[in-house]
Each structure stands twice: as structure tokens, then as C-alpha cells.
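J.: Provide a 3D model corresponding to the input given below.
(3 chains)
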Amino acid sequence: METLRIERLRKSFGGLMAIKDLSFHVDQGEILGLIGPNGAGKSTVFNLIMGSFRPDYGRILFKSQDITGWPTYRVVNQGLARVFQIARYFPHKTIYENVEISAIPNEIFQRAENTETKTITVCKRTGLCLEENCQGGNGCLCRAQWPGMLPQGGLRRLEIARAIGTEPELLLLDEPFAGLSPQEVDEISQLISDLRSEGQTIIVVDHNMRGVMGLVDRVVVLCFGEKLAEGTPDEIVRNPHVQEAYLAGGGV
Amino acid sequence: MSPRTFKLILLALTMITLGLIGPYLPPKWATTVTFAQLFAIYAIGWDVLSGMTGQISFGHIFFVGVSGYTTGLLNMYLQWPLWVTIPSGMILAMLMGLLFSVPALRLKGPYFSLVTLILPLAAARLVIILGDWTGGELGKFGATPLCPIQQFVFDFRLNQLCNYYIIWGVLALLAVGLIWLASTRIGKILEAIRENEEAVEAAGINPAKYKIFAFAVSALVVGFGGALSVHLNEGVFFNALLSLTASTEMIVASVIGGMGTILGALWGGLLIRIGEQGMRDLAHLSGFTDLEKWATFFFFALLLVFLFVARLGLLPLIANLFRRRAAVRKES
Amino acid sequence: MEQFLVIVERIVIFSVLVSALYALVALGFTMIFGVGRVLNLAHGALLMVGAYTAWFAQRLGLELYLAAGLAVVVCALLAVALYQGLIRHVQHSVIITLIATLACALLLEEIVKIFFTTTPQILQPFISGSVIFHQTTIISNRILAFGASWAAILLFWIFVHRTRWGKVILATAQDQEGAALVGINVRHVYTVTWALSGALAGLAGVFFASWVNLSPFMWRDPLIISFAIVVVGGLGSLKGSIVAAYLIGFLEVFMTYSPSIRFCADFRCFEFLGPSWVGVPSLMMLVLILFLKPSGLFGRAHG
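T.: Numbers count the residues shown, from 1 in each chain, chains lettered A, B, ... in the order given. Now for the predicted structure:
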């Protein structure tokens, strides 16, 4: 079943066409890789989906609903969430409180539901809190640590947790491995695999094909804002156009 | 101990102290503390919007003015009783808050602050243009006294204490309400907006909606204070209802006490008004009467000092002190 | 009909005269905003300090020309002190800067109250008497203020566009990092712009006194005027500022010098237009423009 459908999306900044007639779709339960050299327009696609920019032309359909140009918070409430490359957190809130904000519904006067269990579940699921530390409520490590204390990999986990907290049906991961140590790459990679085995639909953006090849079911290759190729990882690696683009752009 | 419990305990200590000392205060000081408590209402009202969400308003005295003039004029011209005029003033202040928050919150940072600075200046012009009704810069006397006892017996001391405890009660009620609000998820989101508005939106929450809500609550609280002040002063007076100095002093109170903590703003508000009177007394006692004039100056200077050295404010400093002590105790 | 023409004539003449002064009032404010992105809410207070310095020096027996010179120097020094002692340290946070400069303005208001009380004072004019043009009586000192304002604006323009220092300031205004990379000492440039802004405020204060009395509250109108001019005219644009100054000046004069229309009920009256409407046009312009077009009429979009 189709979850997200992008139809003939177009966006230009000044005279520069950042996205040209881009169409692709994501099926439920799959992991789609959105790959392309630097400046190919991958992050712009995410910005357009999440409502940071309005496209010049084209439609974005999510679960058959036209969400083109919706403000970010509505897109999120519809079931989409984005993980930024550079973590956007609340520096003066504890890790627990950071995740908690995502678990709170967008209704001022709704009766309070229990955000605590939800938050702790998310913290555990993303490996932010060690299980034994989370039993005693206030004793949870996440409640006594601030994001500033986390290493790069921990911040990425926090960012993923904040996205998961909104209970998305489709998760957008923007360069999840950028700036991480090899060990952290393995850990985050494992986390993403775990999420997939739980049935999470994901789009992963990366400029490096090798990093995501083992992870994704299908790949869309972007080059200068256009779709260059689409197919399984194997097909993509063998595709001569892709090889050319990557050789020009600096190797796979 | 959760921050809410911590704050409520400190609030209880503060309010109990104020409640107990009331009858023992000499008349002049009873009046001073009454007005200090009134000013603390303004300060905590300001803190809900500006302290918590980081949208700094320079012109919150505007809501004091809207509510105050509404209450006063309805009371003086239509002879409505004060239990009708006070809510009317508050509701109008809240409506004004809603009306201006929608366009004003589209403006970011300094532009928002500057628009709020314009509101009381514009209201002041209106009051002067309509001077025949409002009394203009001189003001107009004749509103119903706040304390109902005064209509039956005229006893200065009794009346003074009655005023004292009415304001005391309202302050305690509002402070508990706002500290509770700050601990709910609404409060958490307002604080999150101050720290990173984009991240709040990415969490699926509409920041504008929460800011408008905060604006309305803030205007309502400050408006309550404004309406009370009219009946406390028994008239509408320009300097009490639209003073730019008082508007900025709300910021001073919150910065000194700790922005966004409600209790800190309450302390800051009390401290400023009591401190000003204290300086005046000190001036008379020491014979150095010029000191009296420097009171307001002193508090603006203190604001600058706090902006430089202790931007967190008093309450967070004290809370940190407690936390450190607890940590030391745990270690040993 | 005759009466009507007299009023029109008066409004035209007065608005031409006062608008030049408004442009001068806003000049320093615009420059600080344009170069350092600082909204100096103490600008009006600097103007007040200028006016009071001149008044006090005059009372001590100084010639007005010397007193005015002293006011310019005092304001320039005060502005530099303000920048070095305060703004420089809080500049990174826009909000803290706003709070700090507003606190400074109120501090100066308090100081004036302490030393000179709230009683309005009158600054003796440079030249006394008045000129009668057609049917309109014009106070000579206001004509002088008009001439001096234009002279100061032109000198400022020449300084910015024709001298080396002016070009350095322009470069810094456009891109402070770029300026720093080509070897400009940005902090130095800021200090100079603050000094210049203070000097202009001092001068404006002396001439502003030809239209209003001195009081501890006199800083508010110039601040609102400056702010309105910046918002209408756009950031750091001299031409835009002058156009805006004339627009606001005209509206201001029109509203305050038009014959007012009285509406009365129960012996209480409300006047539409007339002297009590002073300041209203700038406030209305500000609110309208900020709500409808937050980037200003001629402005670049703000970041």
C-alpha cells in the first residue's frame, strides 16, 4: 500500500531550479533510500514534504491526503516526522523532557493523558535510557541528564526519539550517519534496522550509497534536482548513469 | 522534590509571611506592601507570556490600562458594582490580548517587543484625547472602594487591612494557579517555545496557538491587577494605569527573580516596591533626603547588573544552591 | 475659503520645516540600526540629554552656540560610553539589548527628574523673533532649525559617501564579517558610528527644543518618530528615511494644526484632530505597517 506519493514536484530558489518534476512514492513498511551527490536537492525534498517550503508546482499526497504546503505541525500530526542532521533540541530541558514534548498532543484543553509511559517507552526503544535506570520514575537517568552531556551519537538517538515520540507512520531520516564515529554508525544502523523490523516506514537521505545499501529496500537517485534512477540497491549499483553521476560527483 | 513542589513550598512560605506580618505593619508600610503585592500580580502576569515563552513584551501596562479604565469608567459613569466591573475589565483586557496577539506574534523577536511598546503609548494618547471622560493626565476620582466594609463603617486601619488581604488573597490564588499551569504540559510547551520554537513545531505542536493562549492568560492576570488597582486607588489615574516605567519594572521584577519561574517574578515584584519604599525611609532616617529620588534609578541599575552577572535571576540561583547541597549530602 | 487657504498654507510650511528636523532626529537611530543591527531605545534619551545640556550650559551663562557645541560633544561621549560600557557586551542578544537600552532611557529620565525636576523648561532660541510669510507667522528659530537640519544631513551624506571612513562604515553595514576579513576593525567602526549617532542626537535635541519644551519625558516622541521613520523608510536607507520623515511630518502637522472638530455629549467633548493628536500619526503608521508589512514599506526583508 502506498503511504507517500510525490507528484511532479518543482521548486526553484531565485533562478536556480532545485527540484525538477520529481515524482516517487513510498510503500508502507519499506525503507526507501533517497540518494544523490551533494547539492542534488535531497534536503529540499524533505523541506518540501515537511512544509518548511511551499513547492512551486506539484502535489504531495500522504495516505491519499493532499498535504502540499501544510504547516509543519499539521504535517507532523498527520503522521510524518523528520530527523534532522543537526539535532534541534531544548538545551535546558532534560533528555526525558525533550522526548516528552513530542508525546504531548497539540490540544490545549484536552484532558491530560499519560505521557509518561509513552515517553519512557520511546526512550527505551531508541536506547536513550538504560532499562534498569527507568524503573523508578524519578530515578531514570534521562531525567537527570541534559542533551549537552550526550556525544554525537547520543544526540542522533535523541533526535530519532523526538521524531518517534510523535508516533509517525513515515519517518524521514536526514543523513543519519553524518559526523558519527564508525562505532556510532553501527549502533544507529542497528537502531534503524530495529525500527524497520517493528514495521516502521522510513525514507533515508544520504549522499553516500555504501552506508545505506544494506538498509534500504529501494533507492531513488537524485541528481541536480531530477530523478536519475530508481530501483533495488543492486540495480542502482549496476546502473551506468548512476556510476557516471557519482564519478563526476566524487565516487560512490 | 519536583520543581513544582519546591516552588509551591517557597510560595507558601512567602505568602504565609506576608499574611502574618499584615496586622503588625505600620500604616504606611501596610499600604506599601499592599501595592507591592498588586505589582507582584502584574509581574507574574508578565512572566507567563514573556518569561515563559521568551516573547518579551515592553507594554504589558497596556492591559493594566485597558482593564483599569474599563472598570473605572463603567463604575463611575454607569454605577455598575465592582463585582461586575472587575470581570468586565479583565475580559476586555483578555480580548485585547487575543486581538493583538494574532498579528503581533507573526513578528519575531525585537519587532514583537517594539509593537508591544507602542500599545501603551497609543492608549495614553487616546486617554488624553478623551480627557473629558477619563480625566486625562490628572486622572479621575470616584470609583467604589475595593473593600466592601468601608461602605458600612469607616475605620482607616480596618479598611487598610481589608485591602491588604484582598490583594494578598488574589495574589496567592493567581500565583498558585500559574505555578500549577507552568507544571502542566501547557507550561512545558511554553518553555519549549522559548528554547527552540522550530523543535516544538517539529514535535507536531502549533506554537502560535500556545503563544496566543499565553497572551490571553497573561492579559487576564495583569488585567485583574489593573482592575483591582482602580478600586484600590478609588479612581482612574494615568500614572498608575499607563506608566511606561511600571511596564519596564515588570521586566526588571522577572529578570531579578528569575524569568519564567512565576515565583521569581513574584519575589522580584515585591522586592522592587518594598525596596523603593525602604530606600525612601532610609533617606528620611539618614537625613540624606536626596536618596529618595534615586529609588527607581537604583532598580533600573540593578536590572542592568542582573543582565550582566546573573541573567538567571534569584530563584534559579537558590534552587541550584539547594540542588548542590542535596548532591553534597548524598555523596557524604 | 480665505481661511481654508491660510490653514493649508500653514500646514504646508510647518510640515516642510518640521520634517527636516524629524529626518535629523532619526538619522543617528537609523545609522546604528543599519550598521550594527542595534535598535537603540535610548536614542530619544540621548536627544533629551542634548537638549538639557544646552539648556543647563545656557543657564550657567554660556553662549547658545557654545552650549549647543557642548551638547553635541556630551552626547557623542555618552553614546560611546553606552556602547563601550553596555551595548558591546549584550549586543549578541537582540532582546537583552532592547531591555538594556530601554532601561538606560528610563535611567536617564530618572536622572533628569532628580536634577531638573519634572517642570517643563524652555531653551532660549538662537535667534529670536519671527518671520511673516504671506499669512503665516513662522518663528525664526524654527527656520534656522530647518536649515541646520538639512546642512547636517548633507554633511552626513558627504561623510558617508565621499570619505574613506564613510566607506568603511558602509562596508561594515553591508557585511561585518566581510569587513573584518579585509582588515577593518569592526569594533572601532561601531564606536565611531555610536559617537556620530550621539553627536547627531545632541544636535537634534538642541533643535527639537525649538518645537517642544524640555521635560524628562521628552525622549518618547523622538524615539517613536525615529522608529516610525526607520520602519516606513527601510533599514539604513538615507533617502527612504527622508521620504518617511516628510510623510510622517506632514501627517503629524496635518493632524495637530488642522482645525479640530468637536463632538460633545453631556458637556464633555471629544476633539477630532487638533493639538491633542500629536504623536498619533507616527503610532498609527507604526502599528499598521508592522502588522500589514513587517519588513517596512521600502525595507529589505529582515532575517
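J.: Show me what the longest helix along chain C is packed up against.
T.: When every helix of chain C is counted residue by residue (DSSP state H), the longest turns out to be helix C:2-36. Under the contact criterion of 3 or more C-beta pairs under 8 Å, 6 or more residues apart in numbering or on different chains; DSSP states H and E, helix C:2-36 touches helix C:43-59, strand C:136-139, helix C:140-162, helix C:164-174, helix C:186-208, helix C:220-233, helix C:238-257. All C-beta atoms are positioned from the backbone trio N, CA, C, and that covers glycine.
J.: Which one of those lies nearest to chain B?
T.: In terms of C-beta to the nearest C-beta, the element of these nearest to chain B is helix C:220-233, at 6.5 Å.
J.: related to what we said a few turns ago, what comes up buried for the longest helix of chain C?
T.: In terms of neighbour count (16 or more other C-beta atoms under 10 Å in any protein chain shown), helix C:2-36 has its buried residues at C:10-11, C:13-15, C:17-36.
J.: picking up where we left off before, so for residue B:247, which of the helices and strands packed on helix C:2-36 sits nearest?
T.: Closest to residue B:247 of these is helix C:220-233 (C-beta to C-beta; 12.3 Å).
J.: ok now do residue 32, which residues does it touch?
T.: In the absence of a named chain, chain A is used. A:24, A:26, A:202, A:203, A:204, A:216, A:217, A:218, A:219, A:220 (C-beta atoms under 8 Å, 6 or more residues apart in numbering or on different chains).
J.: Sorry, I should have been clearer: chain B.
T.: Taking C-beta under 8 Å, 6+ apart as the contact definition, residue B:32 lies against B:273, B:274, B:277.
J.: Wait, a helix at the second one?
T.: What that stands for is residue B:274. Yes: according to DSSP: H, G, I helix; E, B strand; the rest coil, residue B:274 belongs to a helix.
J.: what's around residue 126, how many residues?
T.: You didn't say which chain, so I picked chain A. The tally of other residues near residue A:126 (other C-beta atoms under 10 Å in any protein chain shown) stands at 23.
J.: nope, chain B please
T.: By other C-beta under 10 Å, 17 other residues sit near residue B:126.
J.: which of the residues in the strand or helix carrying it are buried?
T.: Assessed by DSSP states H and E, residue B:126 sits inside helix B:109-129. Neighbour counts over helix B:109-129 (16+ other C-beta under 10 Å) mark B:110-129 as buried.
J.: again with stretch B:11-27
T.: Judged by neighbour count using 16+ other C-beta under 10 Å, the buried positions of stretch B:11-27 are B:11, B:14, B:15, B:18, B:22, B:25.
J.: Repeat that for stretch B:292-304.
T.: Using 16+ other C-beta under 10 Å as the burial criterion, the residues of stretch B:292-304 that qualify are B:292, B:293, B:294, B:295, B:296, B:297, B:298, B:299, B:300, B:302, B:303, B:304.
J.: Can you narrow those down to the ones near chain A?
T.: The residues of these that also fall near chain A, by C-beta under 8 Å from any C-beta of the partner chain, amount to none at all.
J.: Closest one to residue C:146 out of the contacts of residue B:32, please.
T.: Proximity of the contacts of residue B:32 to residue C:146 (C-beta to C-beta) peaks at residue B:273, which lies at 46.1 Å.
J.: Tell me how far that closest one lies from residue C:61.
T.: 42 Å (C-beta to C-beta, to the nearest Å).
J.: ditto for residue A:165
T.: For residue A:165 relative to residue C:61 (C-beta to C-beta), the value is 74 Å.
J.: With neighbour numbers in mind, choose between the two.
T.: A direct count of neighbours by other C-beta under 10 Å for residue A:165 and residue C:61 places residue A:165 higher, at 26 against 7.
J.: so the more buried one touches residue A:96, yeah?
T.: No: the pair formed by residue A:165 and residue A:96 falls short of the contact definition of C-beta atoms under 8 Å, at 11.0 Å.
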